[in-house]
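**Student:** no FASTA, just this:
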């Protein structure tokens, strides 16, 4: 059996190596147009930060052997053709037509099974100036090397990143933290990490970026990258000019599907990805595809998505190898789990954001937000934020978002939720999760549980919600129909009650009796530090017959973490 | 509705507080024989370490209010009777008979619903000397205060802990790490954390304890605690005497079920716990029970267990409150998830150990072991150990054990597996878990995936297993029927091949051809650092027609982590 694999980074090499272990007799031909193959692409931002000191660190095995052409050829027993372009797939003849880029020669290579793992290419915005010297993407090691060279040579003083997604945020950290270069981050959407997390979370990240010296520009449509003598000097948005001597385009990627299309394989018109079944077979059963170039099923919406993630590519490569070897492995889809480091923060999530959930037709989608120390206070590493997105009618969990200090605590919570999310759990299922507990690691009820408890209180309408945005707006308008009842201790409240006439302090400890004197004709907004005391006092007020009692999720800590001055 | 709750630590107070929030009109009477209530019992070891500086830190809310009788009475609106002993439950009259310990007076208190949350009492071994001055248990704040006093007064020079379970290991760390007192740990079973983890894992912990200066004594049956002038001076086992001026008994707990028994409620004769249904109702539907005193269902075996865990007690309290308030919440059982800090290590797990699985009748139970850095090498925090226990015939996962550096990485993996374990996943389900990935947090395929891959290779018998114990035994016996083929680089192997005549080095990089000269009449034991290269070379050997090819799980790192000198 001869298996030809097009593309040798994540999915392709994983397929090749596993297949060779399962079927040592298989002849495997691994083809890539680049000389760099089988590298840890997700590590590139850390080459820029300096955590990875040499590019070869992203190319070697855990036992320090370089994963180059020779490694695959001699050690793995896989025929490896680098700097070789596949120009066409002839499905009738079952051959791929290749061109050797070094000498221009062409050849036909026959296959019994073919694997398309052609990856993706960065989206280049259709604007002038993208070809200027100093404009980069970060999609392969060549890009990484070139950017690092400029950093090392100290020729970068004013970098600007377009796109506040994963790559954008990771690179901004490299510039800002490791090289101490003030960096500008420009994003088309009104938030960082658009579609991944919701504004009530993204604003926490934005504030963190600002405290780290990053200039965050949101809602900005870039019209032109401006050059002088062929070199980039800045970026023009609709209303402003931002000087820059290095511009990184991090505005997403497109799946590489030209070959598949030309060969007549089904390619999705909605997502642009190659259509595969759960066995990762394309519309031609002898041709498999995996990695950034395929469309996979989103397990919450049931719809197709293209999700360029190294972890998914590796898992898909494994499935393809098993199936070519005669087994039956399935890749059922994705819940879009992610985690990233952003300066001192870890940010993670899975499933749908609230915005996406509503756009997908979950009209009863809402969210619960929990803010707490991720472990017992005597081991605290700081404040963490947890949000469950759920359907209030069916109580099904739709998504999860979390932000915390840079520990594995964030990972732990995404690990738990993304493990069960494909099973369409309800909030009650999350409440019933058994999670291990010990004070150095968490709280007796894990932050996940506490978040689900808040969701349950929302489902049963045990309190009325109000957004901090509307509270702040009414506060600034000196809206007298609203009274903020702050139930923190006088010490915690400090002078805030002096700044706002409609902000009063009734300490939790004496609230049970003192609340009885509150006016019944005003909207009472109950606030405390993170919301637990406020919820309880709201319950007391309801029991006393009060109706217009509201609790903003996240307590006073939430707007503060957005950088709001109150 | 009047609800009487007996016991006010974890389950009892959780029931009371939640019920009051759900039903502000309910009259709740919370009774405890102690003056200290609602404290974080799991934090007691950290009071001894000094992480918790004052005992009240274990008694306060996150907003610094002491959770004493007054707090429950005045703020929560819950009638709270401390230093009050419930002597009898009269189910016919629906009253509890109480004795006020301060004045000896008795009273009958009627209830509509009753909650038994009487907790557990430390097991005291039936040996002489347990009453000596200096012999302690650690089951409540009084114990913690008394032990800490001795530590602070520097009267402890030679502490000894009996029992190497959770409490034992946590306290050993307090003595050893925080107070720098050499401590002896005596365990009846031949390993630490018996029944929780298996020897191939526990020996890693034992070695770590030893490097931290703890004297670990296993297989030791304590016959007597020896005193002089009423004070403890040591501990006698069957064959030895260990001097000690403080002895902590940490040999487990018994559920407190006397009241329940006397009232004629069903109490399990096998586990000793009060029998409850999934709603946490006892055999009397008006009486609920939860926490350390109840029998719950183990979701892997289907059998009853008593599991004294703060996290379970809290979850059960929540279920009881919901049900008394008129809802319908279920506590379906446990998979026995745990996590603990032990010096620089985190240890966690869930489900059954291999030993327990076999004892429970899973005759095809076996294990896969994976050793790897928990994240990308450029963010490494050290080596981690992961083991899945599974049924080789059905491929069902039965348990999980992990040891790693003291980060939340261990928590993350237990969070994931314990979230799905109640759903009876197969190894394939674990392989298919979607787990978020980024180099600062993990590897592209999470350590959980890699462990499941090893399990899959075991299920499909892609290699033959051999235990390190048998390899080491044959090595020491100079068994010439065995040849260890070390496929690490010459640099990694160093001089080990000179020490053992039947230990040879064929580097992985040249192994594909060089293995062809290996003898076919010997047992070939293929080893490398952690096993990945060895597995691959074993596959090559099988392809070359070799039969007697074995790979010991965990590579050379495993016996080294046990402290074996090779």
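**Tutor:** Arrived safely. Since we're looking at a predicted model, the values are computed, not measured.

**Student:** what mean pLDDT does stretch A:156-176 have?
**Tutor:** Mean pLDDT, stretch A:156-176: 96.

**Student:** and what of stretch A:68-82?
**Tutor:** 95.

**Student:** distance between that stretch and the chain's centre?
**Tutor:** Stretch A:68-82 has its C-alpha centroid displaced from the chain centroid by 33 Å (C-alpha atoms, centre = their mean, to the nearest Å).

**Student:** quick one: the strands in the stretch 101-250 of chain A?
**Tutor:** A:106-110, A:113-116, A:120-122, A:135-136, A:159-162, A:184-186, A:215-217, A:222-228, A:231-237, A:241-243, A:246-249 (DSSP state E, counting those that start in this stretch).

**Student:** now these as a markdown table including distance to residue B:265?
**Tutor:** Glycine gets a C-beta too; all of them are placed from N, C-alpha and C. Below are those laid out as a markdown table (distance: least, C-beta to C-beta, whole Å):
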| stretch | distance to residue B:265 |
| --- | --- |
| strand A:106-110 | 76 |
| strand A:113-116 | 64 |
| strand A:120-122 | 64 |
| strand A:135-136 | 72 |
| strand A:159-162 | 66 |
| strand A:184-186 | 64 |
| strand A:215-217 | 62 |
| strand A:222-228 | 72 |
| strand A:231-237 | 72 |
| strand A:241-243 | 73 |
| strand A:246-249 | 68 |
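
**Student:** between these, which gets nearest to residue A:512?
**Tutor:** strand A:215-217 (43.7 Å; C-beta to C-beta).

**Student:** model confidence over the closest one, on average?
**Tutor:** pLDDT averaged over strand A:215-217 gives 98.

**Student:** List the contacts of that strand.
**Tutor:** Residues from elsewhere that reach strand A:215-217 (C-beta atoms under 8 Å, 6 or more residues apart in numbering or on different chains): A:164, A:182-187, A:192, A:206, A:209-210, A:237, A:240, A:242.

**Student:** and the residue nearest to residue A:232 when sequence neighbours are not counted, what pLDDT?
**Tutor:** Of all residues not flanking residue A:232 in the chain, residue A:134 sits nearest, at 3.7 Å (C-beta to C-beta, 6 or more residues apart in numbering or on different chains). Looking at residue A:134, its pLDDT is 98.

**Student:** what's the burial count for residue A:134?
**Tutor:** Counted with other C-beta atoms under 10 Å in any protein chain shown, residues neighbouring residue A:134 total 23.

**Student:** One more: residue A:64?
**Tutor:** The criterion is other C-beta under 10 Å. On that basis, residue A:64 has 12 neighbouring residues.

**Student:** again, but for residue A:384
**Tutor:** Counted by other C-beta under 10 Å, the residues lying close to residue A:384 total 23.

**Student:** returning to what we had before: could I get the strands of the stretch 101-250 of chain A as a markdown table with mean neighbour count?
**Tutor:** Shown next, in a markdown table, are the strands of the stretch 101-250 of chain A (neighbours: other C-beta atoms under 10 Å in any protein chain shown):
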| stretch | mean neighbour count |
| --- | --- |
| strand A:106-110 | 13 |
| strand A:113-116 | 28 |
| strand A:120-122 | 18 |
| strand A:135-136 | 22 |
| strand A:159-162 | 27 |
| strand A:184-186 | 25 |
| strand A:215-217 | 18 |
| strand A:222-228 | 18 |
| strand A:231-237 | 19 |
| strand A:241-243 | 15 |
| strand A:246-249 | 26 |
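
**Student:** Specify the stretch among those that is closest to residue B:414.
**Tutor:** Closest to residue B:414 of the strands of the stretch 101-250 of chain A, according to C-beta to C-beta: strand A:120-122, at 34.4 Å.

**Student:** what helices or strands is that closest one leaning on?
**Tutor:** The contact analysis (3 or more C-beta pairs under 8 Å, 6 or more residues apart in numbering or on different chains; DSSP states H and E) places strand A:120-122 against strand A:253-255.

**Student:** Figure out how far the strand it packs on is from the centre of its chain.
**Tutor:** On the basis of C-alpha atoms, centre = their mean, strand A:253-255 is displaced by 16 Å from the centre of the chain it belongs to.

**Student:** Ok, stretch A:375-385 next?
**Tutor:** Per C-alpha atoms, centre = their mean, the centroid offset for stretch A:375-385 relative to its chain is 23 Å.

**Student:** what's it in contact with?
**Tutor:** A:201, A:204, A:369-374, A:401-405, A:407, A:409-410, A:439-443, A:447, A:554, A:557, A:561, B:40, B:43, B:46, B:51-52, B:57, B:62.

**Student:** looking at the sheet around residue A:275, what are its partners?
**Tutor:** Legend: beta-bridge partners of residue A:275 under DSSP bridges are residue A:295.
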